[in-house]
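>>> Dropping a prediction and its sequence here:
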Amino acid sequence: MNPFLAVDHLSKNYPGSAQERSALKDISFYAEKGEFLALRGSSGAGKTSLLKLISGIEQASSGFIRIGETFLHALNESQRAQFRAKTIGFAFQLFDLLEDLTVAENVALPLILLGQTRQAALKEAEAMLERFTILNLAKASPETLSGGEMQRVSLARALIHKPALLLADEPTGSLDTFDAEQALNLLAETREGTGLTILLVTHSARAAAYADRVLTLKEGRLVYGKSGVMHA
């Protein structure tokens, strides 16, 4: 078995005033290419720490992460940043759109950072906005958008560079039920069309129901999946 995402005996410790604090303890799981995983757990369970490790923003204290054929621990900080920019998309609860850029410019930004010309990046951004049925917002300022519209823009930006892995941290947490359902349907449709692998962090049982499997973290340990058994 050679899964697309492999997390093997992963631990993360943070220094404390008296002793180290263990955020993750011997975590192991996998995701096949195109699989949709949901990650649940209470505040402080280690969800954010796990996303930081999988994205390469932070390094593990022990264990390893492999994405595709790349082992993150074998990369230096600059190499991890380049790998992250090309391979991973991010969707957040607060959207993180830049207010001094138009909607199209926000969506085009990842391509521009990867070296595309502004003209080519904007053309691709407009195609993505049309796919998400919000091309009419291309020249709008993010501050004029509704929550549902901002999430669509955020997802378009996260997917514009055709990442192999999407890390979504509570992307529907600030949306009403209707907008949340629309955002989750967009994710599911994108996964079906592209083979995108998704790791969704959520407190919502309804959002988690879109996933193929549900992983639960409790006090830094993996507890169980959708069937109630641990997924190693």
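Here it is on my side, so go on. Numbering: from 1, shown residues only.
>>> helices and strands of this protein: which one bottoms out on pLDDT?
The helix or strand of the chain with the lowest confidence, counting by mean pLDDT, DSSP states H and E, is helix 177-194 at a mean of 83.
>>> elements contacting that helix?
In this structure, helix 177-194 makes packing contacts with strand 36-40, helix 147-159, strand 197-201, helix 205-208, judged by 3 or more Cβ pairs under 8 Å, 6 or more residues apart in numbering; DSSP states H and E. Using the backbone N, CA and C atoms, a C-beta is placed for each residue, glycine as well.
>>> Sketch out the strands for this protein, chain order is fine.
Counting by DSSP state E, the segments of the chain that form strands are 5-14, 21-31, 36-40, 62-67, 70-71, 88-92, 165-169, 197-201, 213-218, 221-222.
>>> tell me, which of those strands is the model least confident about?
Taking each of these in turn, the lowest mean pLDDT turns up on strand 88-92, with a mean of 88.
>>> Name the residues that touch that one?
Applying Cβ atoms under 8 Å, 6 or more residues apart in numbering, the set of residues contacting strand 88-92 from outside is 55, 67, 151, 154-155, 158-159, 161, 163-171.
>>> ok so, going back, deepest-packed of the helices and strands packed on helix 177-194, please.
The densest packing among the helices and strands packed on helix 177-194, expressed as mean neighbour count by mean count of other Cβ atoms under 10 Å, is seen in strand 197-201 with a mean of 25.
>>> List the pairing partners of that strand within its sheet, with orientation.
In the sheet containing strand 197-201, the strands it pairs with under DSSP bridges are strand 36-40 (parallel), strand 165-169 (parallel).
>>> rewinding a little: tilt between the least confident helix or strand of the chain and strand 165-169?
An angle of 170 degrees separates the directions of helix 177-194 and strand 165-169 when computed by axes from the mean of the first three to the mean of the last three Cα atoms, to 10 degrees.
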